[in-house]
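A.B. asks: pasting the sequence and the predicted model now:
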Amino acid sequence: MEKEKGLLIVLSGPSGVGKGTVRKEIFSNPERNLVYSISATSRPKRPGEVDGVDYFFKTREQFEEMIERGELLEYTEYVGNYYGTPLEYVKKTLEEGKDVFLEIEVEGAKQVREKFPDGIFIFLIPPSLKELEKRIKNRGTESDETIKNRMEVAKEELKMMGLYDYVVENDEVKEACRKIKAIIEAEHCRRFRIQNKLEKLLGGC
Ligand SMILES: Nc1nc2c(ncn2[C@@H]2O[C@H](COP(=O)(O)OP(=O)(O)O)[C@@H](O)[C@H]2O)c(=O)[nH]1
Ligand SMILES: Nc1ncnc2c1ncn2[C@@H]1O[C@H](COP(=O)(O)OP(=O)(O)O)[C@@H](O)[C@H]1O
């Protein structure tokens, strides 16, 4: 019987909603079959970040070469830096039957949808716009003007919600992770129910 392919899971949502936080929590205690796809970026490495762990850090020139060689599943330019998903790793890992998890912003997610319509697209939302603003403010050093711009961008990003399969509220991080894991589990059951039943019935043939 043909080997089951893994699922492609895309976690997306507006800037500041907590995508990175939720993803790190999920991978602090990952499911056996779930792997994270490390993105490439041209943004400078932050203190504590490790090349090949947090990102594959590239120069703009190196990143543009990757684009030209068709090595990226999707990419975007976000706040002045490139971000993209290496295609080969995703393809190979799905073929091996593992689930691949992407944590990317909305433009990239749209491109993935076109290439992998069977992916599971999960959109993370804040409990409220006020809370989103608080998170963006808490995160860093941005001026009031930038925060206003960020909020306008975030409102546009929120409008993309309708393109996703699932919407999960990130109120409590642990609760959001629990819901995401439950979605992945449910999708496995739904998609592979028939194949699993068949294998059970015919197993050993
Ligand atoms: N399209 C796309 N977005 C990505 C990728 N990797 C990370 N991102 C997004 O890029 C944005 C900026 O990430 P980062 O510079 O690490 O800063 P953060 O705002 O602290 O998460 C976040 O919204 C990430 O989800 C990728 O491979 N493709
Ligand atoms: N559920 C939550 N409750 C409160 N604060 C949160 C929650 N999730 C994330 N945050 C905080 O919000 C800020 C933005 O989170 P981050 O993961 O960087 O967002 P994103 O990756 O979507 O841009 C961070 O300061 C983070 O600690």
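C.D. replies: Yep, that arrived. Quantities reported herein were computed from a predicted structural model and do not represent experimental measurements. Ligands and ions are numbered 1, 2, ... in the order given.
A.B. asks: list the buried residues of stretch 154-164.
C.D. replies: For stretch 154-164, a neighbour-count test (16 or more other Cβ atoms under 10 Å) marks Ala154, Glu157, Leu158, Met160, Tyr164 as buried. The C-beta positions use only the backbone N, C-alpha and C, and glycine is treated the same way.
A.B. asks: ok, of those, which one's closest to Arg32?
C.D. replies: Tyr164 (25.8 Å; Cβ to Cβ).
A.B. asks: ok so, going back, and the furthest pair within the buried residues of stretch 154-164?
C.D. replies: Farthest apart among these - using Cβ to Cβ - are Ala154 and Tyr164, which lie 15.7 Å from each other.
A.B. asks: mind checking how far the host helix or strand of Ile180 is from the chain centre?
C.D. replies: Assigned by DSSP states H and E, Ile180 belongs to helix 173-202. Average the C-alpha atoms of helix 173-202, do the same for its chain, and the two points are 18 Å apart (Cα atoms, centre = their mean, to the nearest Å).
A.B. asks: same thing with stretch 150-167?
C.D. replies: How far stretch 150-167 lies from its chain's middle: 14 Å, per Cα atoms, centre = their mean.
A.B. asks: which residues sit against it?
C.D. replies: Here stretch 150-167 makes contact (Cβ atoms under 8 Å, 6 or more residues apart in numbering) with 12-17, 105-106, 109-110, 113, 120-123, 125, 129, 132-133, 136, 142, 183.
A.B. asks: so how do I select the buried members of these in ChimeraX?
C.D. replies: Of these, the buried ones can be selected in ChimeraX as follows, counting by 16+ other Cβ under 10 Å:
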select :12,13,14,15,16,17,105,106,109,110,113,120,121,122,123,125,132,133,136,183
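A.B. asks: out of the contacts of stretch 150-167, who's near ligand 2?
C.D. replies: When contact is defined as Cβ under 6 Å from any ligand atom, the contacts of stretch 150-167 meet ligand 2 at Gly13, Ser15, Gly16, Val17.
A.B. asks: of all those residues, the one with the weakest confidence?
C.D. replies: Lowest pLDDT of these: Ser15, 87.
A.B. asks: and it, what element?
C.D. replies: Of the helices and strands defined by DSSP H and E, none includes Ser15.
A.B. asks: hang on, isn't it packed against Ile136?
C.D. replies: Yes: under the criterion of Cβ atoms under 8 Å, Ser15 makes contact with Ile136 at 7.1 Å.
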